[in-house]
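> below: sequence and its predicted model.
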Amino acid sequence: MSTGDPELDRIIAELRAAFRVRTAQEIPLIERHYAALKAGIVPRTEAAALRRIVHQMGGSAGSFGFPALSEAAIPLDDAIGFALDQSDAELVEAAKGWEALVDRLLVACRAIQEGSEP
């Protein structure tokens, strides 16, 4: 990801590095919120917290040149948004079906940490 301007490239590299750090910090938060949601522990609060992370991560990932993470976040963000309109019991039940979406998101997060995402 080069702009041809060394100073701008340096700034972008710093922002991408900061995004990598933030993504690493959010992996355990995603896992914790998702586990609590599936267990039915304050489902609406956990779902909202999970969605906030996923939504911000997805938008930022695209901006920083991590398309796989952005693409992984979108369907999970949509699923959570739809489920938040349901009852708590329906929300918990829906969350149990998001395993593949959460796994895809976490794989994309870890790829960024390992440097295998561009």
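The structure has been received and is ready for your questions.
> can you check which helix is longest in the protein?
Counting residues, the longest helix found in the chain (DSSP state H) is helix 6-38.
> tell me which other helices or strands that one touches.
helix 43-63, helix 88-96, helix 99-114 (3 or more CB pairs under 8 Å, 6 or more residues apart in numbering; DSSP states H and E). C-betas here are computed from N, CA, C, even on glycine.
> and the angle for the last one with helix 88-96?
Same thing as helix 99-114. 50 degrees (axes from the mean of the first three to the mean of the last three CA atoms, to 10 degrees).
> any residues touching helix 99-114, and which ones?
19-20, 23-24, 26-27, 30-31, 34, 54, 57, 61, 66, 68-69, 71-73, 75-76, 79, 117 (CB atoms under 8 Å, 6 or more residues apart in numbering).
> buried residues of that helix, list them for me.
Neighbour counts over helix 99-114 (16 or more other CB atoms under 10 Å) mark L101, V102, R104, L105, A108, C109, A111, I112 as buried.
> same question for the shortest one.
Neighbour-count burial for helix 88-96, counted by 16+ other CB under 10 Å, picks out L91, V92, A94, A95.
> chain center to that helix, what's the gap?
19 Å (CA atoms, centre = their mean, to the nearest Å).
> helices or strands up against that helix?
helix 6-38, helix 43-63, helix 67-83.
> any stretches of the protein with poor pLDDT?
For the chain, residues meeting the criterion pLDDT under 70 lie at 1, 118.
> tell me how far the closest residue to A24 other than its chain neighbours lies from I53.
With CB to CB, 6 or more residues apart in numbering as the criterion, A24 has its nearest non-adjacent residue at 5.4 Å, and that residue is Q113. From Q113 over to I53 the distance is 16 Å, taken as CB to CB, to the nearest Å.
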